[in-house]
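Asker: following is a predicted model, sequence given first.
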Amino acid sequence: MAQATNNTLYDHLKFVKSGERRFENAFQGVSRMILESDIEKVMVQGKTTYNFKLFNAGEKHIIGMYDEINSFVSFVKDAAEGGSSKEMAYVLVGEPGNGKTFFVDFLCTRYREYLSKKKNRKYTFRFVNLDKLRSYGKIDTIESQTYEDPMILAMNLFEDTDDNKTFLSKEFGFTDDEIAGLYENYRPLGACSGYIWNDIRMFSDNTMEDMLKFIEIVPVPLTESLGTVTGKYPAKDKITSSAVDLLGEESIQRLLHITDTNNPFRFDLRRGALARVGGGGIHFSDEIFKNKKDLVQVYLGVIQNRNIEIDGYKWPIDTLIIATSNNSEFNRFMAEKEEAPIVDRCRVCYVSHNTNYKLQKDLTSYAIGSDIKTTFNKEPLHKDPNLNYAASVAAVLTRLPRSEKLTAIETMKLAAGEVAGEKSIKTLAEVIDTLNQDPDITKRFGQKGLGQRNLGRAVQLMIESSETNEGKCMFAYDIYKALERVILDYVSDSSDRLKFLDDLKTAKEMYRERVLTEMFNAYMDEPFAIRKDVMNYVNMIIGIDAENLGPDKMWKYKDPQTGELQAMRIDERYIKSIEERLGLKTEEQRETFRTSIRKIYGQKIAVDPNYDFMDNLELVKAVTDVRLKSDIAGAGSLIGALANRTNEENQKLYDRMVVTMLEKLNYCKTCAQKTIEYFCTYE
């Protein structure tokens, strides 16, 4: 028996038997990592899907991408269960700047963190004391070039498979079922490991105890910069790239030591990117179809056979291969019909842009940056509280295709799970299904539009402008000028350009509605004044038919948000004023509208007690108009009062509103004044 020093093969096998260490392939490892985290059901664009919490963890995590993540998890799970996916690569195809590379990098980071935990650690073996064999020169230690698991060696100790199984059963007590499970991940030793092991066998005269003295078990290094366990191969230009970068090449340095020219250890596989992730790692090929043909052919062999092949020698590897490609490169590659076999071995996932403007707020905050911004003079740069909203809405609107069934705003609201008047989520689902039937990928839902990089450029242009630096504030309305510049400079297709510029006009309309709400809140000297009034209307139309309503029109109800009993006087004039603003003239129209609001209330409150109807823009606008009208004879008068500050009363109103904006609504002097100015300007 070998010495017990925790790094012998005997020790490793005992740890595997007791469950302290694991033997699993790359797909099983990644699948286990994802499925061990929490999973919740979510509704996305009218369909039930799953949200895997692993991808939501950390400060800068993945936002949205539900369909893509579901597709990836399904692919890995199928491969882990021995399905056809294990002979395929997973390829993310989509427009630049929609998060493909970020997704893969995030996955690789999480996988490295996962493997750094003791129970998940990957191990490999190395041959020691090789100077005794006398045919390796001054090389006395050789590590498995493809980071083979010690269990692979254990399954290849004897030349006869039955002898191996008997050895595992007798020496370590593995049951027949456990051995069958191990052998599902069986692969032969790589060319050099097999050759060296054979040399050791001959030297030790087939005595297993002596042979195992040449083996030492070591953990696989997890350092990101070494490219082990998770490695990236970016597409290079046609001259500098070669198969050597992936597979490795003959090492002159090793040939100076090795006397036997047939020894496959003369090939240095670690020179290539694949061998370093060969022991249950993830290989990431960035822009795979930008590579020249001979490299794509190399991938063809690696994906199908999971082998590194050089000069007839083979090194089996265990690797999850993920690749990315942009639409134009992929289409060009598909047009060359002779390249069909590689695409046939890929599971292609078309990645769309994020089309949920609520989720976009987090992505926009990534683009704006979390650090404190400064002007050129190193003075703090304030962020307009409406900036994120303005940028998010504008970016998302460019990503939504036109449809006869829905307007741009209706599509945007439904895609974010909000209410869009009479239109239901089913209409959106029908629109998406119809668009997704188009063989031209770029015409599908969310496939075209301004990506994250374009949004980042717009923020940069905005920060470098003189207005931003002079005012020491990133004023929300300025993002539209910056986005217009980006569209004109970076969008090459003329029809796309026209559509995007048209979408900017719609985004400005949404911003105007937002400003109207903000001005009302400032006028009422309360951050959520409009929200209260909207909920007052909703509660009034629920209580108007109540049985316990007295002649004084007082109604008592339990507030679902606080759980307390509330009393409210139902003001029918207020209700009618709002409904007139909504264009509801007849009693029948009013009753239909009220029924729809009650229905929404019943559905939403059950799921979200804090639901406040603020996503119903028509209702919010109507309430704002009515309140402004009843308080100071119309919004026009407020505009007049704020624009014409020659008399003392108007100046006082202006000053009071600015103070509220500064103290309660997170504005600075610049954006408060500019927002009021914009409110007073007729467009």
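Answerer: Looks like it came in fine. Since this is a predicted model, take the numbers as computed values, not measurements.
Asker: could you use CA atoms for every contact and neighbour count after this?
Answerer: Will do.
Asker: so where do the strands sit in the stretch 401-550 of the chain?
Answerer: Counting by DSSP state E, counting those that start in this stretch, the stretch 401-550 of the chain has strands at residues 473-474.
Asker: surely residue 278 touches residue 318?
Answerer: Yes - using Cα atoms under 8 Å, residue 278 makes contact with residue 318 at a distance of 5.1 Å.
Asker: who's in contact with residue 259?
Answerer: Counting by Cα atoms under 8 Å, 6 or more residues apart in numbering, residue 259 touches 135-137.
Asker: and what of residue 484?
Answerer: Residue 484 neighbours (Cα under 8 Å, 6+ apart): 501, 504.
Asker: over to the one 10 residues further on?
Answerer: Contacts for residue 494 (Cα under 8 Å, 6+ apart) come out as none.
Asker: got phi/psi on residue 216?
Answerer: Residue 216 adopts backbone torsions of phi -130, psi 140, taken as degrees, to the nearest 10.
Asker: give me the nearest residue to residue 287, chain neighbours excluded.
Answerer: In space, and not counting its chain neighbours, residue 287 is closest to residue 325: 4.4 Å by Cα to Cα, 6 or more residues apart in numbering.
Asker: surely that neighbour is in a helix?
Answerer: No - looking at residue 325 with DSSP: H, G, I helix; E, B strand; the rest coil, it is strand, so not inside a helix.
Asker: who's it bridged to?
Answerer: residue 93 (DSSP bridges).
Asker: need the pLDDT of it.
Answerer: The per-residue pLDDT reported for residue 325 equals 90.
Asker: on that earlier part again, of the contacts of residue 259, select the buried ones using a PyMOL command.
Answerer: Here is the PyMOL command that selects the buried residues among those (16 or more other Cα atoms under 10 Å):
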select buried, resi 136+137
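Asker: touching, the residue nearest to residue 287 and residue 92? I think so.
Answerer: Yes - contact criterion Cα under 8 Å: residue 325 and residue 92 qualify, at 6.3 Å.
Asker: what does stretch 93-113 contact?
Answerer: The contact list for stretch 93-113 (Cα under 8 Å, 6+ apart) reads 30, 33, 55, 61-62, 92, 222, 229-230, 282, 284, 286, 322, 324-327, 330, 348-354, 447-448, 451-454.
Asker: SS state for the nearest residue to residue 585 once chain neighbours are set aside?
Answerer: In space, and not counting its chain neighbours, residue 585 is closest to residue 579: 7.8 Å by Cα to Cα, 6+ apart. Of the three states, residue 579 takes helix according to three-state DSSP.
Asker: what residues are up against residue 579?
Answerer: Counting by Cα under 8 Å, 6+ apart, residue 579 touches 585, 590, 622.
Asker: quick check: the first one vs residue 592, distance?
Answerer: Here the distance between residue 585 and residue 592 works out to 12 Å (Cα to Cα, to the nearest Å).
Asker: next one: residue 7 from residue 14, what distance?
Answerer: 11 Å.
Asker: nope, residue 576 is what I meant
Answerer: Residue 576 is 79 Å from residue 14, where distance means Cα to Cα.
Asker: equivalent analysis for residue 542, please.
Answerer: Distance, residue 542 to residue 14, using Cα to Cα: 69 Å.
Asker: ditto for residue 615
Answerer: From residue 615 over to residue 14 the distance is 60 Å, taken as Cα to Cα.
Asker: next one: residue 54
Answerer: Taking Cα to Cα as the measure, residue 54 falls 31 Å from residue 14.
Asker: I figured residue 139 was touching residue 130, is that so?
Answerer: Yes - between residue 139 and residue 130 there is a contact under Cα under 8 Å: 6.9 Å.
Asker: of these two, who's got more company?
Answerer: Taking other Cα atoms under 10 Å, residue 139 and residue 130 do not tie; residue 130 has more neighbours (19 against 15).
Asker: I'd say the more buried one and residue 143 touch.
Answerer: No - applying Cα under 8 Å as the test, residue 130 and residue 143 come out as separate, 11.4 Å apart.
Asker: low pLDDT regions in the stretch 451-600 of the chain?
Answerer: Within the stretch 451-600 of the chain, the ranges that satisfy pLDDT under 70 run 547-550, 560-562.
Asker: ends of stretch 270-281, how far apart?
Answerer: 14 Å.
Asker: name the residues of it that are buried.
Answerer: Neighbour counts using 16+ other Cα under 10 Å place 270-281 of stretch 270-281 among the buried residues.
Asker: what number of residues lie near residue 109?
Answerer: 12.
Asker: now the one 5 residues further on
Answerer: For residue 114, the neighbour count with other Cα under 10 Å is 17.
Asker: which helix is the longest one in this structure?
Answerer: Counting by DSSP state H, the longest helix found in the chain is helix 494-523.
Asker: residue 219 against residue 123, yeah?
Answerer: Yes - contact status for residue 219 versus residue 123: in contact at 4.2 Å, counting by Cα under 8 Å.
Asker: tell me which of those two has more neighbours.
Answerer: residue 123 (20 against 13).
Asker: and the gap between that one and residue 9?
Answerer: Going from residue 123 to residue 9 by Cα to Cα gives 11 Å.
Asker: also residue 456?
Answerer: Residue 456 is 53 Å from residue 9, where distance means Cα to Cα.
Asker: more neighbours, those two?
Answerer: Between residue 456 and residue 9, counting by other Cα under 10 Å, residue 9 is the more crowded of the two (23 against 20).
Asker: doesn't residue 216 make contact with the more buried one?
Answerer: Yes - in this structure, residue 9 is within contact of residue 216 by Cα under 8 Å, at 6.9 Å.
Asker: many thanks, I have nothing further to ask.
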